[in-house]
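S.K.: coords below, sequence missing:
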């Protein structure tokens, strides 16, 4: 499911959420119906509904704390009026914001749209997501440059290679 969609359970499906917000299910529809299976989703209860907030492997780690990136990416998609934003941690640990600017006619490489500096980007993020680690860089890509898998989803290994080759 999408990070913004509430989770709906099938009949006879049990769920539990661990301290790290990981979703576990026990279901007659799995290979091992009597065992708890980690779905890979991070969840929270919101208005008495289970909401997927991201994937466990898409968290960044800073000062020993894990932060899901999907809520920040979803927020930045609205801010920049684009549907392609990624927050990626480089091999050196630096966080980089990658996006496709809304205006594809004149994208400025390695600059945020509308002249937004890294300082301003971090200030906006911190206002809504207190404690989220600071972005050390940013990169704008054209739609054709955004790495996608055969299924059309973001190719995270290719995105990692792009980030690791930036002068951040």
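M.R.: That came in fine, so what should we check first? Bear in mind the structure is a predicted one, so any value in this text is a computation, not a measurement.

S.K.: contacting residues around the residue most central in space within the chain?
M.R.: Geometric centre of the chain, nearest residue: residue 70, 2.8 Å, by C-alpha atoms, centre = their mean. Residues in contact with residue 70 (C-beta atoms under 8 Å, 6 or more residues apart in numbering) are 3, 53-55, 58. Just so you know, the C-beta spots here come from the backbone N, C-alpha and C atoms, and that holds for glycine as well.

S.K.: Just put those residues in CSV and tack on secondary structure.
M.R.: Formatted as CSV, these follow (DSSP: H, G, I helix; E, B strand; the rest coil):
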residue, secondary structure
3, coil
53, strand
54, strand
55, strand
58, helix
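
S.K.: Which of these sits closest to residue 34?
M.R.: residue 55 (25.5 Å; C-beta to C-beta).

S.K.: you'd agree that closest one is up against residue 41?
M.R.: Yes: here residue 55 reaches residue 41: they are 6.4 Å apart, a contact under C-beta atoms under 8 Å.

S.K.: any low-confidence regions in this structure?
M.R.: The model of the chain has pLDDT under 70 over residues 1-8, 103-116, 167-168.

S.K.: For it, which segments count as helices?
M.R.: All helices of the chain, identified by DSSP state H, fall at 70-80, 118-128, 156-164.

S.K.: now the first one, how far from the chain's geometric center?
M.R.: Mean-position distance between helix 70-80 and its chain equals 9 Å (C-alpha atoms, centre = their mean, to the nearest Å).
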